[in-house]
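Colleague: using only what follows, build the 3D model:
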Amino acid sequence: MTDFKILGFAGSLRKGSYSRMVLNAAQRLAPEGTELEVFDLEGIPMFNQDRESEPNARVSGLKEKIARADAVLIVTPEYNYSVPGVLKNAIDVASRPYGTNVFEGKPLAIISNSPGQLGGSRANYHLHQVFIYLGSYMMNKPEMIIGNVDKKFDDDGNLTDEHTRQKLVELLIALRAWAEKVKS
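Modeller: Numbers count the residues shown, from 1 in each chain. Down below sits the predicted model:
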């Protein structure tokens, strides 16, 4: 029986992205009683304030799923020392128009990753700044920054690194505990 629901999305549209692989691994490793639903950001239109009061079905669907989730998990790469545009855009459309920010008061965790040694740490930090402003309840620890992510999966996209697997489970357990603490 599922009594805790996490909505997860990747900051990359590429079907074979490492962020999607990490998210898929987290979905498979979700502890008993926890469901991790993956939302694909493909098709989210660019934010346009002229249209923010009339969101399309993809934006409405994203906002509804965030609102219904007990917590949100974002898995992201780092592009040009920061947050990928597709992810920042999804955050913008889900937090607008003013007064309809679905991230307000939402427990949230971030996992960043990169083939480089820093593991997308700058994108991770920038997302913390964004979600502090949006009023989310950021889970700061355990922090998960996955460096050398390209060496942690096999050719079929399966997570082969035991340390990363353990850390993913720890993060999911901690996110549930964090959300329950926030709720009380």
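
Colleague: what segments of the protein are strands?
Modeller: With DSSP state E, the ranges of strands along the chain come out as 4-10, 34-39, 71-76, 107-113, 137-138, 144-146.

Colleague: avg pLDDT for the third one?
Modeller: When you say that, I think you mean strand 71-76. Taken as a whole, strand 71-76 carries a mean pLDDT of 98.

Colleague: how far away from the center of its chain is that strand?
Modeller: Averaging C-alpha positions (C-alpha atoms, centre = their mean, to the nearest Å) puts strand 71-76 2 Å from its chain's average.

Colleague: which strands and helices sit next to that strand?
Modeller: Packing partners of strand 71-76 (3 or more C-beta pairs under 8 Å, 6 or more residues apart in numbering; DSSP states H and E): strand 4-10, helix 18-29, strand 107-113, helix 121-133, helix 162-183. (C-beta placed from N, C-alpha, C; glycine too.)

Colleague: just checking: what are the partner strands of the first one?
Modeller: The one in question is strand 4-10. Applying DSSP bridges, strand 4-10 is found paired with strand 34-39 (parallel), strand 71-76 (parallel).

Colleague: what residues does the last one touch?
Modeller: What it means is strand 71-76. With C-beta atoms under 8 Å, 6 or more residues apart in numbering as the test, strand 71-76 has contacts from 4-12, 19-20, 22-23, 26, 36, 66, 83-84, 87, 103, 106-113, 120, 123-124, 127, 136, 172, 175-176, 178-179.

Colleague: report the angle between it and helix 121-133.
Modeller: 150 degrees (axes from the mean of the first three to the mean of the last three C-alpha atoms, to 10 degrees).

Colleague: can you lay out the strands paired with strand 4-10 as a markdown table showing mean neighbour count?
Modeller: Listed next are the strands paired with strand 4-10 as a markdown table, based on neighbours: other C-beta atoms under 10 Å:
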| stretch | mean neighbour count |
| --- | --- |
| strand 34-39 | 18 |
| strand 71-76 | 27 |
